[in-house]
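Engineer: My questions concern the predicted model and sequence given below.
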Amino acid sequence: MNLKKLLCTASVLMLPSLAMASVVTNNINLALPHSGFNAYDIDGDAIVDIGLSEDCCSPNNTFVSSGFGYPASWQYAWLSVGQTVDNTLTWVSGTFGYTPTAPVTPGLNYLAVKDTSIGSYFGYITIDFELPLVGTGGYSQTLVSYTYDDTGRAITVGSSVPEPTALSLLGLGLLGLVGASRRRKAVEA
């Protein structure tokens, strides 16, 4: 196969990667307050999207608010890794409430969120629940990140789809290696 055919074939194989979904994660890493609630810009555009706090009265819950004009919609249920965030979920907006206690476990927990101030994208926030020190009361909760698909498609919790640019660069690097190998073989012959 000559170099022109190789480049042409590689280009055709890489084109679908440009149409792939782009998963974006905004790292936040902010502790949730123990009482009241804080307003958070989860999508990074300097506009408040959602209110969150630890539940002062029931230590295994999280208080979520999309009232007060916050644009985000959310779901009254925790998600599991591998679960899909899409229109089949029951979405809540313009209100506030507590997430259910089950299946909150120490470690990372996921809450479906969509319709933030940057657009109607499916995503999820990651909240880290840490076990309390003996005698101190409830869990400590940290808003770790917001992950969403910027094409508007459904997203799977825990998925990490490489962005199209990364895939294209990988393809170009592979082409370079093939070209270098062919040149070396030509010089040896």
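Structural biologist: It's in.
Engineer: Tell me the strands beside the biggest strand by length in the chain, with direction?
Structural biologist: In the chain, assigned by DSSP state E, the strand with the most residues is strand 119-130. Strands adjacent to strand 119-130 in the sheet, as given by DSSP bridges, are strand 107-116 (antiparallel), strand 140-149 (antiparallel).
Engineer: between these, which gets nearest to Val23?
Structural biologist: strand 140-149 (5.7 Å; Cβ to Cβ). Quick note: C-beta positions are derived from backbone N, CA and C, even for glycine.
Engineer: Outside of that closest one itself, list whatever touches it.
Structural biologist: 21-32, 40, 42-43, 52, 54, 62, 108, 113-114, 116, 121-130, 132, 155 (Cβ atoms under 8 Å, 6 or more residues apart in numbering).
Engineer: export the strands paired with strand 119-130 to TSV and tack on mean pLDDT and distance to Gly69?
Structural biologist: Shown next, in TSV, are the strands paired with strand 119-130 (pLDDT from 0 to 100; distance: least, Cβ to Cβ, whole Å):
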stretch	mean pLDDT	distance to Gly69
strand 107-116	94	13
strand 140-149	94	19
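Engineer: Serialize these to CSV and add fields for mean neighbour count and distance to Gln75.
Structural biologist: Listed next are the strands paired with strand 119-130 as CSV, based on neighbours: other Cβ atoms under 10 Å; distance: least, Cβ to Cβ, whole Å:
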stretch, mean neighbour count, distance to Gln75
strand 107-116, 21, 4
strand 140-149, 21, 14
